[in-house]
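Asks: the sequence isn't on hand, but the structure is:
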């Protein structure tokens with residue numbers, strides 16, 4: 001079941017399994033996101049797609065398709081597979097008998113709009129700076145840049161929407177639609193602009209406290225805290241955004257069950273998916289967080305993502321991973337997506353080098369899909385989802401595509417990247433990179 005789109009790959013494989021069960025067929029299945037790309041994007045997209053299926057108990061062999069040296073694929077595959085071993089011993093999760101989602105078709109869960117969370121807003125990204133040595137300069141770790149020469153904030157397309165500062169007493173103005181989240185005790189003492197600053201409460205504090213925000217309140221909650229009386233209380237409050245945590249080793253299933261309970265109760269409160277890790281290796285953090293959360297966003301569950309890590313992974317990499325997960329699951333498109341195949345004997349150019357060169361020239365563009373394909377045999381078919389394509393057609397020869405149409409054929413490889421940029425400009429999809 002080949003697709004570079006993780007959502008299509010997951011839905012089509014589920015459909016195949018469903019049809020096999022109807023026919024009493026029990027063949028093993030090979031799973032993987034094809035043409036996943038290179039670097040962290042390729043790893044995150046692979047973990048989102050294969051992780052969603054492995055979490056469903058689907059998959060007997062795995063292929064990770066990276067535009068890198070072939071020997072780098074197996075360790076990534078092994079890490080993802082090993083991460084799902086032993087989950088059968090998880091804490092029990094109540095069975096869901098009234099299954100109300102279509103596993104073969106994407107549909108975003110209907111939620112209330114609370115400030116800029118839920119409703120028709122894209123999923124939020126929350127960056128946790130509560131353990132950082134805080135300063136305005138440290139905001140760069142969340143994609144926030146202050147240009148002192150013009151006294152103005154500049155944001156990339158992957159700048160966190162909210163900063164969680166815990167008990168930090170900050171003293172700067174919050175720009176635009178961005179916001180700050182403080183622990184409830186600190187928020188009560190805060191004397192600044194509370195239209196930009198919101199409290200994070202435990203469920204117990206929420207039930208006993210009266211002095212909360214009249215605009216937006218983040219409530220921490222676990223699956224085992226949810227019951228009909230809690231749902232009734234929360235449903236009557238239009239300021240609530242839930243922050244869903246889990247300590248279950250099968251946290252994906254537990255968090256999904258939480259959403260099912262809300263859907264069953266017709267409770268439309270927005271939910272931020274929060275996961276906590278203790279990783280010292282960036283790749284391990286990326287693979288685990290993508291495998292844990294990506295499948296939920298593929299199914300339209302989740303109005304935001306909040307990742308934390310107590311190990312030695314840079315804060316910048318944590319928030320970038322959050323955006324990468326939303327991108328791979330098509331929940332929020334914030335940058336260029338790359339579809340590129342692993343090199344094979346039919347590829348007559350250095351595809352890793354070309355993919356890296358194209359990424360360096362186009363990564364600032366938002367919402368485009370650019371394919372870099374090694375050959376004409378599989379290229380046009382497997383890049384059918386792309387807006388633009390770079391396809392090898394022979395020794396030092398390349399054809400360039402706009403969607404499925406070849407617009408320049410058999411041009412010299414050394415001219416091809418510049419020609420690709422020209423095509424993007426001619427079609428009105430180019431913008432200059434921001435000055436930061």
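Replies: Thanks, I have it. Since we're looking at a predicted model, the values are computed, not measured. Residues are numbered from 1 along each chain as shown.

Asks: where along the stretch 51-200 of the chain do the strands fall?
Replies: Remark: strands assigned in the stretch 51-200 of the chain by DSSP state E, counting those that start in this stretch are 61-62, 113-114, 117-118, 124-128, 144-147, 152-155, 162-166, 179-183, 197-202.

Asks: distance check, the residue positioned nearest the centre of the chain against residue 331.
Replies: Centroid-nearest residue in the chain: residue 325, 1.7 Å away (criterion: Cα atoms, centre = their mean). Look at residue 325 and residue 331: by Cβ to Cβ, to the nearest Å, they are 8 Å apart. In short, each C-beta sits where N, CA and C put it, glycine included.

Asks: likewise for residue 21?
Replies: Distance from residue 21 to residue 331, by Cβ to Cβ: 28 Å.

Asks: which one of these two is surrounded by more residues?
Replies: Neighbours were counted for residue 21 and for residue 331 using other Cβ atoms under 10 Å; residue 331 has more, 25 against 10.

Asks: domain map for the protein?
Replies: According to automatic domain parsing, the chain comprises the domains 6-85, 113-328, 337-426.

Asks: looking at these, which is nearest to residue 101?
Replies: domain 113-328 (6.1 Å; Cβ to Cβ).

Asks: the closest one spans what distance, first to last residue?
Replies: 24 Å (Cα to Cα, to the nearest Å).

Asks: next one: stretch 216-230
Replies: For stretch 216-230, the first and last residues are 18 Å from each other (Cα to Cα).

Asks: flag the shaky bits of the stretch 201-350 of the chain, pLDDT-wise.
Replies: For the stretch 201-350 of the chain, residues meeting the criterion pLDDT under 70 lie at 343.

Asks: can you give me the helices for the stretch 51-200 of the chain?
Replies: Ranges of helices in the stretch 51-200 of the chain, per DSSP state H, counting those that start in this stretch, are 73-83, 184-189.

Asks: show me what the first one is packed up against.
Replies: Translated: helix 73-83. Contact here means 3 or more Cβ pairs under 8 Å, 6 or more residues apart in numbering; DSSP states H and E; on that basis helix 73-83 packs against helix 39-55, strand 61-62, helix 282-298.

Asks: just say which of the ones you listed is most tucked in.
Replies: Mean neighbour count, computed with mean count of other Cβ atoms under 10 Å, is highest for helix 39-55 among the helices and strands packed on helix 73-83, reaching a mean of 27.

Asks: what's that helix packed up against?
Replies: helix 6-22, strand 30-31, helix 73-83, helix 251-264, helix 282-298, helix 315-328, strand 337-340.

Asks: now do the second one, average pLDDT.
Replies: Strand 30-31 comes out with an average pLDDT of 96.

Asks: with the third one instead?
Replies: Confidence for helix 73-83, expressed as mean pLDDT, is 96.

Asks: relative to residue 381, how far out is the closest residue to residue 315 other than its chain neighbours?
Replies: Once flanking residues are discounted, residue 315 sits nearest to residue 141: 4.0 Å by Cβ to Cβ, 6 or more residues apart in numbering. From residue 141 across to residue 381, the span is 41 Å (Cβ to Cβ).

Asks: check residue 286 too.
Replies: 29 Å.

Asks: equivalent analysis for residue 330, please.
Replies: With distances taken as Cβ to Cβ, residue 330 is found 20 Å from residue 381.

Asks: so between the two, which is more surrounded?
Replies: Comparing residue 330 with residue 381 by other Cβ under 10 Å, the one with more neighbours is residue 330, at 16 against 10.

Asks: pretty sure the more buried one sits against residue 7.
Replies: Yes - Residue 330 is within contact range of residue 7, at 5.3 Å (criterion: Cβ atoms under 8 Å).

Asks: can you check which residues contact both of those two?
Replies: In terms of Cβ atoms under 8 Å, 6 or more residues apart in numbering, residue 330 and residue 7 are both contacted by the residues 106, 298.

Asks: quick check, pLDDT for residue 142.
Replies: At residue 142, the model reports a pLDDT of 85.

Asks: and what of residue 138?
Replies: Looking at residue 138, its pLDDT reads 75.

Asks: which one is it nearest to, not counting chain neighbours?
Replies: Distances taken as Cβ to Cβ, 6+ apart place residue 132 nearest to residue 138, at 5.2 Å, with adjacent residues excluded.

Asks: count the neighbours of that neighbour for me.
Replies: Neighbour count for residue 132, taken as other Cβ under 10 Å: 17.

Asks: phi, psi of it?
Replies: In terms of degrees, to the nearest 10, the main-chain angles of residue 132 are phi -80, psi 160.

Asks: show me what contacts it?
Replies: With contacts defined as Cβ under 8 Å, 6+ apart, residue 132 is in contact with 138, 141, 315.

Asks: can you give me the distance of it to residue 310?
Replies: Applying Cβ to Cβ, the value for residue 132 to residue 310 is 13 Å.

Asks: next one: residue 268
Replies: Distance, residue 268 to residue 310, using Cβ to Cβ: 33 Å.

Asks: neighbour count winner among those two?
Replies: Taking other Cβ under 10 Å, residue 268 and residue 310 do not tie; residue 268 has more neighbours (15 against 11).

Asks: quick one, what contacts that one?
Replies: Shown in contact with residue 268 (Cβ under 8 Å, 6+ apart): 110, 111, 112, 118, 235, 262.
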